[in-house]
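Asks: Kindly return the folded structure for what I paste below:
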Amino acid sequence: MSETKKARAVGINHVAIEVGDIDEALAFYGNLFEFNLRRRSDTAAFIALGDQFINMSKGRRQATDDARHFGMVVDDKDAVREALEANGVELLPGRFLDFLDPWGNRVEIIGYDNIQFTKSPDVLRGMGLDNLEKTQSARGELAENGMGPE
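Replies: I've put the predicted structure just below:
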């Protein structure tokens, strides 16, 4: 059997979630996060995350998420926790900052400073976030995987 060349997975371009109503979804997420809207229609909205995006599609057909989730990286995890509490959004039990949106999408909030995930300097500058830094632990994790200074 001959070996075929395989493409290498290099990242995630976007995450698609189903919501009940586009206006309500934009209002809900707008109460929690500062974001730029790339474009929208009656049935979809695209929220820019620098070089990535979230695609919100109208019409939730799936059951509420339990273990299935997406992790959203933020510059200030404590500000998200405060916004969730101020908006009466229930935090899910566990060691992470997880919540369900009104349509049952499970979201895990992760601080940029404490994980291996990294945006390029150009993307951070374009987002107005060029002052973000990583913890020593996150820098060590990057270095262990050959992606940072040793």
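
Asks: Just read off the phi/psi values of the residue nearest the centre of the chain.
Replies: Ranked by distance to the mean C-alpha position of the chain (C-alpha atoms, centre = their mean), the top residue is residue 72 at 2.2 Å. Main-chain torsions, residue 72, degrees, to the nearest 10: phi -100, psi 120.

Asks: where along the chain do the strands fall?
Replies: Remark: strands assigned in the chain by DSSP state E are 14-19, 36-40, 44-49, 52-58, 70-74, 97-100, 106-111.

Asks: export those to a markdown table and tack on distance to residue 118 and mean pLDDT?
Replies: Every C-beta, even on glycine, is put in place using the N, C-alpha and C of the backbone. A markdown table is the format used below for the strands of the chain (distance: least, C-beta to C-beta, whole Å; pLDDT from 0 to 100):
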| stretch | distance to residue 118 | mean pLDDT |
| --- | --- | --- |
| strand 14-19 | 18 | 96 |
| strand 36-40 | 20 | 96 |
| strand 44-49 | 14 | 97 |
| strand 52-58 | 13 | 97 |
| strand 70-74 | 10 | 95 |
| strand 97-100 | 20 | 97 |
| strand 106-111 | 13 | 96 |
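
Asks: Need those strands in JSON lines (columns: distance to residue 87).
Replies: Below are these laid out as JSON lines (distance: least, C-beta to C-beta, whole Å):
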{"stretch": "strand 14-19", "distance to residue 87": "16"}
{"stretch": "strand 36-40", "distance to residue 87": "19"}
{"stretch": "strand 44-49", "distance to residue 87": "17"}
{"stretch": "strand 52-58", "distance to residue 87": "18"}
{"stretch": "strand 70-74", "distance to residue 87": "15"}
{"stretch": "strand 97-100", "distance to residue 87": "10"}
{"stretch": "strand 106-111", "distance to residue 87": "13"}
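
Asks: Ok, which of these comes nearest residue 128?
Replies: strand 36-40 (10.3 Å; C-beta to C-beta).

Asks: What helices and strands are in contact with the closest one?
Replies: Using 3 or more C-beta pairs under 8 Å, 6 or more residues apart in numbering; DSSP states H and E, the elements in contact with strand 36-40 are helix 22-32, strand 44-49.

Asks: Helix 22-32 and that strand, what's the angle between them?
Replies: If you take axes from the mean of the first three to the mean of the last three C-alpha atoms, to 10 degrees, strand 36-40 sits at 180 degrees to helix 22-32.
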